[in-house]
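Engineer: Fold the following, please.
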Amino acid sequence: MKKLLVIIGIIILTFLILVWRKDEQWKKCNSARALLVEKYKDSRSFYASQYMNAIPEDCKHWLLKIPF
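Structural biologist: Numbering: from 1, shown residues only. Now for the predicted structure:
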């Protein structure tokens, strides 16, 4: 019975850690997206492409959702 409780506890902790890390990733990517929209919404060519190079690779999928 104790082993079952330990296994369930480990599963719950793992789930909570994964949810927390995803939330942190979303905050980081959303702030990068907001900066891109705010700074470069009027000039869509050179400056936006230069800023895209500074965005972390794991956040670029969020930037595809920007309605230019």
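Engineer: Run through the chain and note the low-pLDDT ranges.
Structural biologist: 21-26, 32-58, 60-68 (pLDDT under 70).
Engineer: and with 90 instead?
Structural biologist: Along the chain, segments meeting pLDDT under 90 span 1-4, 6-68.
Engineer: what helix or strand is residue 14 on?
Structural biologist: Per DSSP states H and E: residue 14 is located in helix 2-40.
Engineer: measure residue 10 to residue 59 for me?
Structural biologist: Using C-beta to C-beta, to the nearest Å, residue 10 is found at 30 Å from residue 59. C-beta coordinates here come from the backbone N, C-alpha and C atoms, glycine included.
Engineer: When those two are compared, which one has more neighbours?
Structural biologist: Applying other C-beta atoms under 10 Å to residue 10 and residue 59 shows that residue 59 carries more neighbours, namely 17 against 10.
Engineer: Not counting its neighbours along the chain, what's nearest the more buried one?
Structural biologist: residue 29 (3.8 Å; C-beta to C-beta, 6 or more residues apart in numbering).
Engineer: For that neighbour, grab the count of nearby residues.
Structural biologist: 18.
Engineer: Residue 13 versus that one, what's the distance?
Structural biologist: Distance from residue 29 to residue 13, counting by C-beta to C-beta: 25 Å.
Engineer: got it, and residue 1?
Structural biologist: Look at residue 1 and residue 13: by C-beta to C-beta, they are 19 Å apart.
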